[in-house]
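Colleague: what follows is a predicted protein model with its sequence.
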Amino acid sequence: MAKIEIKNLYKDYTVEGLKTVHAVRNASLTVDDGEVVVIIGPSGSGKSTLLRCVNKLEEPTSGNILIDGVDVTDPATDLRKVREEVGMVFQSFNLFPHLSVLDNITLAPRKVLKMDRKKAEELGMELLERVGLADKAKNRPPQLSGGQQQRVAIARSLAMKPKAMLFDEPTSALDPEMIKEVLDVMTDLAHEGMTMLLVTHEMGFARAAADKVVFMDSGEIIEMASPEELFTNPKSPRTKSFLDHIL
């Protein structure tokens with residue numbers, strides 16, 4: 001069974017009460033268990049909107065989204081439960097600046113999963129070790145670099161022991177020298193078998209870590225293939241034009 005399945009997804013917006021914008025049009029894709037799927041495309045192509053529909057941060061206009069066979073577009077589905085099982089990392093880090101790094105990571109497991117403090121802190125330290133920040137446990141987010149804060153944000157999502165992870169351009173707000181440290185953590189997750197669906201402009205990461213690359217433009221999935229096939233022999237002229245401009 002696919003871990004994430006998107007079927008005929010549409011997302012429309014009404015602008016100024018008149019004009020309808022088709023942000024996502026008839027998009028269908030699957031992410032199998034342990035698979036890494038990377039979505040690329042120009043700005044405004046619907047990549048982030050599609051991603052945000054997966055855990056209902058955006059309400060789809062029509063279509064279906066299944067996570068582990070559960071249809072999240074069904075009004076009867078418990079969205080809180082779905083969001084516990086699907087971690088999401090955004091462009092901005094969204095850490096609580098007044099809490100320590102360790103407290104940022106342990107807050108959700110303690111409050112949502114009802115984990116006791118000792119066990120949560122043990123888990124938090126394991127995750128900080130995993131992202132290379134065990135020595136920053138007592139620091140507060142403003143004392144960290146952008147790359148370090150994003151790694152804490154990843155650790156915070158992993159603390160909920162998700163079945164899959166969504167990443168929405170996680171390096172786009174970072175200075176160039178900080179991007180690699182975040183991509184290294186994401187690459188390690190991919191190698192460990194984490195199911196991942198992500199939007200990124202980092203083509204090197206897409207080539208190295210993705211099982212499948214999806215090219216979107218004007219709200220549509222134009223092409224979907226292995227990294228080798230899509231980057232070296234794109235079938236669509238629109239994909240080829242995009243890659244010619246950025247590679």
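Modeller: Perfect, thanks for sending it.
Colleague: buried ones in the worst-scoring helix or strand of the chain on mean pLDDT?
Modeller: None of the helices or strands of the chain scores lower by mean pLDDT, DSSP states H and E than helix 79-85, at a mean of 87. For helix 79-85, burial by neighbour count (16 or more other Cβ atoms under 10 Å) applies to 82-85. Every C-beta, even on glycine, is put in place using the N, C-alpha and C of the backbone.
Colleague: can you tell me which of the residues you listed lies closest to L174?
Modeller: Distances from L174 to the buried residues of helix 79-85, taken as Cβ to Cβ, are shortest for R83 (25.0 Å).
Colleague: give the bridge partners for the most centrally placed residue in the chain, please.
Modeller: In the chain, the centroid-proximal residue (Cα atoms, centre = their mean) is F167; its distance is 1.7 Å. On the basis of DSSP bridges, F167 is bridged to V89, L198.
Colleague: right, and it touches M196 too?
Modeller: Yes: using Cβ atoms under 8 Å, F167 is in contact with M196, at 6.7 Å.
Colleague: now for these two: what residues contact both?
Modeller: Common neighbours of F167 and M196 (criterion: Cβ atoms under 8 Å, 6 or more residues apart in numbering): M186.
Colleague: and N8, that's in a strand?
Modeller: Yes: remark: N8 belongs to a strand, assigned using DSSP: H, G, I helix; E, B strand; the rest coil.
Colleague: contacting residues for it?
Modeller: Counted by Cβ under 8 Å, 6+ apart, N8 has contacts 26-28, 62-64.
Colleague: which residue, other than its chain neighbours, is closest to it?
Modeller: G63 (4.5 Å; Cβ to Cβ, 6 or more residues apart in numbering).
Colleague: which residues touch the one you found?
Modeller: 6-10, 26-27, 73.
Colleague: 6 Å instead, please
Modeller: 7-10 (Cβ atoms under 6 Å, 6 or more residues apart in numbering).
Colleague: residue boundaries of the helices in the chain?
Modeller: 47-54, 79-85, 101-111, 117-130, 146-158, 176-191, 203-209, 227-232, 237-246 (DSSP state H).
Colleague: how about CSV for the ones you listed, with distance to G34 added?
Modeller: Output for the helices of the chain, formatted as CSV (distance: least, Cβ to Cβ, whole Å):
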stretch, distance to G34
helix 47-54, 17
helix 79-85, 15
helix 101-111, 23
helix 117-130, 18
helix 146-158, 16
helix 176-191, 9
helix 203-209, 12
helix 227-232, 16
helix 237-246, 26
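Colleague: mean pLDDT lowest for which of those?
Modeller: Ranked by mean pLDDT, those bottom out at helix 79-85, with a mean of 87.
Colleague: run the chain-centre distance for that one.
Modeller: 15 Å (Cα atoms, centre = their mean, to the nearest Å).
Colleague: also stretch 37-44?
Modeller: 12 Å.
Colleague: residue contacts, the closest residue in space to Q150 that isn't next to it in sequence?
Modeller: The shortest distance from Q150 to any non-neighbouring residue, by Cβ to Cβ, 6+ apart, is to V182 (4.9 Å). Residues near V182 by Cβ under 6 Å, 6+ apart: 147, 150, 171.
Colleague: P237 - how many residues pack around it?
Modeller: 9 (other Cβ atoms under 10 Å).
Colleague: sorry, back to before: could you dump the buried residues of helix 79-85 to a markdown table with distance to K212?
Modeller: As requested, the buried residues of helix 79-85 are exported to a markdown table (distance: Cβ to Cβ, whole Å):
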| residue | distance to K212 |
| --- | --- |
| V82 | 23 |
| R83 | 24 |
| E84 | 26 |
| E85 | 21 |
